[in-house]
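Novice: predicted model, plus sequence, below.
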Amino acid sequence: SQQGEEDPQALSIQEGENATMNCSYKTSINNLQWYRQNSGRGLVHLILIRSNEREKHSGRLRVTLDTSKKSSSLLITASRAADTASYFCATDDRGSTLGRLYFGRGTQLTVWP
Amino acid sequence: GAVVSQHPSWVICKSGTSVKIECRSLDFQATTMFWYRQFPKQSLMLMATSNEGSKATYEQGVEKDKFLINHASLTLSTLTVTSAHPEDSSFYICSARSASTRRSTEAFFGQGTRLTVV
């Protein structure tokens, strides 16, 4: 069953703007991961944040994690048209098989040139 | 990063036939592989967890006789959709976790297989 809920479901912005996506989950986790998926294609792993971390950066990506609120956010700065894709958060639940992921519903990001 | 290859990338089959999808870890050994299913514009739903040399563990609501999973080696897991029906049309994606580190938490995903049953 699904674990996370992304917010918003769809986001449309202009190139150069920042895009923020949020994810909420329900259980205790080992880590939370963000993935990107272009239409009809496989998943690309973006970033992993462990349960004892609060913030992580990778290039134009910034991820935060608040385990007390069971929520995470993904910020893409200075967005580009090529960032257009669906973005999913996925949780690796504590007590579950390592690598077994529960995905949120995803945010469809559209970046207009 | 580690590479997981999924084959075929797309397949069209007739109702009632069976389709086999392969998931291979190319440069690492995977004790555990996972199979997901994704309907259009929806999220990935975990179908089953596949452990090398043992029976797969299916998620609630997934028919094990319909979706046969075999994980015969540390680099290959297969998903066979038996007696396929149009409602089985979907995007199937596998992922694999490396056996090299017991605490490894990253799973590597295949490219996915688009199944269309006509």
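Specialist: Noted; the coordinates are in hand. Just so you know, these numbers come straight off a predicted model, no measurement behind them.
Novice: ok, whichever residue of chain A sits closest to chain B - how many residues close by?
Specialist: In chain A, the residue that lies nearest chain B is A:Gly99 (3.3 Å; CB to the nearest CB). Using the backbone N, CA and C atoms, a C-beta is placed for each residue, glycine as well. A:Gly99 has 22 neighbours, counted by other CB atoms under 10 Å in any protein chain shown.
Novice: give me the element the closest residue to chain A within chain B is part of.
Specialist: Residue of chain B nearest chain A, by CB to the nearest CB: B:Arg97 (3.3 Å). Assigned by DSSP states H and E, B:Arg97 belongs to strand B:90-98.
Novice: in its sheet, what does that strand sit against?
Specialist: When pairing is defined by DSSP bridges, strand B:90-98 lines up against strand B:30-38 (antiparallel), strand B:107-109 (antiparallel), strand B:113-117 (antiparallel).
Novice: what does chain B have sitting close to chain A?
Specialist: Contact residues (CB under 8 Å from any CB of the partner chain) of chain B with chain A: B:1, B:6, B:32, B:34, B:36, B:41-46, B:49, B:59-60, B:91, B:93, B:95-97, B:103-112, B:114.
Novice: which of those are buried, as a PyMOL select command?
Specialist: Filtering those down to the buried ones (16 or more other CB atoms under 10 Å in any protein chain shown) takes a single PyMOL command:
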select buried, chain B and resi 6+32+34+36+43+44+45+46+49+91+93+95+96+97+104+105+106+107+108+109+110+112+114
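Novice: many thanks, I have nothing further to ask.
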